[in-house]
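In: please find the sequence and the predicted model below.
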Amino acid sequence: MQNEINAFIGCESGFDEASAVIFGAPFDSTTSYRPGARFGPAAIRGESFGIETYSPYQDKDLSDIRVFDSGNLELRFGSPESALEDIENRTAEILSAGKLPVMLGGEHLVTLGAFRACAKKYDNDIYLIHFDAHADLREEYLGQRLSHACVIRRCHDIVGDGRIFQFGIRSGDREEFLFAKNHTEMFPTKVQGVDFGALPRVIERLKGKRVYLTIDFDVLDPAFFCGTGTPEAGGASFNEILEAVIMIGRELDIIGADLNELSPHYDQSGASTAIACKLLRELLLAVLCP
């Protein structure tokens with residue numbers, strides 16, 4: 001792995017000394033609505049210098065930890081399975097070195113590659129926390145089983161029932177919600193808003209267990225985050241997601257994480273990218289800095 005020249009702010013450590021490794025997966029070949037998530041990783045890095053390394057929320061600084069930014073993978077856009085294989089191999093390489101993999105998408109399908117590597121590393125004894133507007137539990141979408149609309153279903157194929165916890169969901173077909181009722185633990189968004197009330201109970205259940213965290217940025221209300229390919233009204237606020245990410249990072253054994261579905265050109269103000277930068281900073285600090 002080579003150093004990314006334009007590394008995320010505060011993440012310029014060498015590979016050997018790092019506790020975590022960032023890498024980008026700029027892939028959006030199965031995007032079903034508006035493409036552009038492939039530009040997310042570069043935008044996050046480029047705009048990261050508009051924020052500080054210090055977090056006033058946690059009283060921690062990226063200078064207190066060691067993170068290596070290995071840049072973007074060069075993925076084969078015409079082949080989802082080939083792209084997933086490359087992502088899995090990079091994640092496995094990071095895990096074998098005893099470091100935390102943190103992936104920047106890209107569309108949500110990229111999660112499957114990283115999740116596969118983590119599951120193999122720990123003999124499928126892992127759990128998944130999923131923040132998203134969409135259930136992503138379809139068996140197939142337009143005849144394809146490898147789609148961003150199917151990614152959590154494919155993760156369920158690996159770990160089975162009782163290991164997937166979904167928050168912020170407010171979109172999906174009837175079959176997805178029926179599947180969730182029987183096979184995952186979903187806390188869908190109600191008229192009153194996103195149900196994060198169950199999160200402390202879920203965290204208590206998952207203490208001492210290995211957890212993979214995946215954040216689709218469209219879990220946020222498009223009033224806060226419109227720079228995404230499939231915006232869904234009625235989502236979480238930045239402060240709600242921030243509190244949830246910090247709580248999860250501090251309390252649980254996170255063995256892998258990703259943030260995905262930023263399509264920066266749909267928000268010319270740059271606000272969505274700025275939010276993505278902050279959430280990455282806060283996640284790194286919550287997980288790596290005691």
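Out: Noted; the coordinates are in hand.
In: only C-alpha atoms for contact and neighbour calcs from this point on.
Out: Will do.
In: distance check, residue 161 against residue 197.
Out: For residue 161, the distance to residue 197 equals 22 Å [C-alpha to C-alpha, to the nearest Å].
In: which residue packs closest to residue 225, ignoring adjacent ones?
Out: The shortest distance from residue 225 to any non-neighbouring residue, by C-alpha to C-alpha, 6 or more residues apart in numbering, is to residue 272 (4.9 Å).
In: was I right to think the one you found contacts residue 224?
Out: Yes: Residue 272 is within contact range of residue 224, at 7.2 Å (criterion: C-alpha atoms under 8 Å).
In: residue 123: neighbour count?
Out: When neighbours are counted by other C-alpha atoms under 10 Å, residue 123 registers 10.
In: what's the distance between it and residue 154?
Out: With C-alpha to C-alpha as the criterion, residue 123 and residue 154 are 16 Å apart.
In: repeat for residue 173
Out: 17 Å.
In: which one of the two has more residues nearby?
Out: Using other C-alpha under 10 Å, the more surrounded residue of residue 173 and residue 154 is residue 154, with 24 against 12.
In: in space, what's closest to that one - neighbours in sequence excluded?
Out: residue 112 is the one closest to residue 154 (C-alpha to C-alpha, 6+ apart), at 7.2 Å.
In: how about that neighbour, what does it touch?
Out: 84, 151, 152, 154, 155 (C-alpha atoms under 8 Å, 6 or more residues apart in numbering).
In: for the protein, what spans make up the strands?
Out: Listed in chain order, the strands of the chain (DSSP state E) span 20-25, 54-55, 60-61, 67-72, 100-105, 127-131, 164-167, 185-187, 210-216, 253-260.
In: quick one: which of these is nearest residue 39?
Out: strand 100-105 (8.6 Å; C-alpha to C-alpha).
In: quick one: the closest one to strand 210-216, angle?
Out: 20 degrees (axes from the mean of the first three to the mean of the last three C-alpha atoms, to 10 degrees).
In: by contact count, what packs against strand 100-105?
Out: When contacts are defined as 3 or more C-alpha pairs under 8 Å, 6 or more residues apart in numbering; DSSP states H and E, strand 100-105 sits against strand 20-25, helix 40-47, helix 80-96, strand 253-260.
In: quick one: contacts of that strand?
Out: Here strand 100-105 has contacts from 19-27, 37-38, 40-41, 91, 94-95, 114, 255-262, using C-alpha under 8 Å, 6+ apart.
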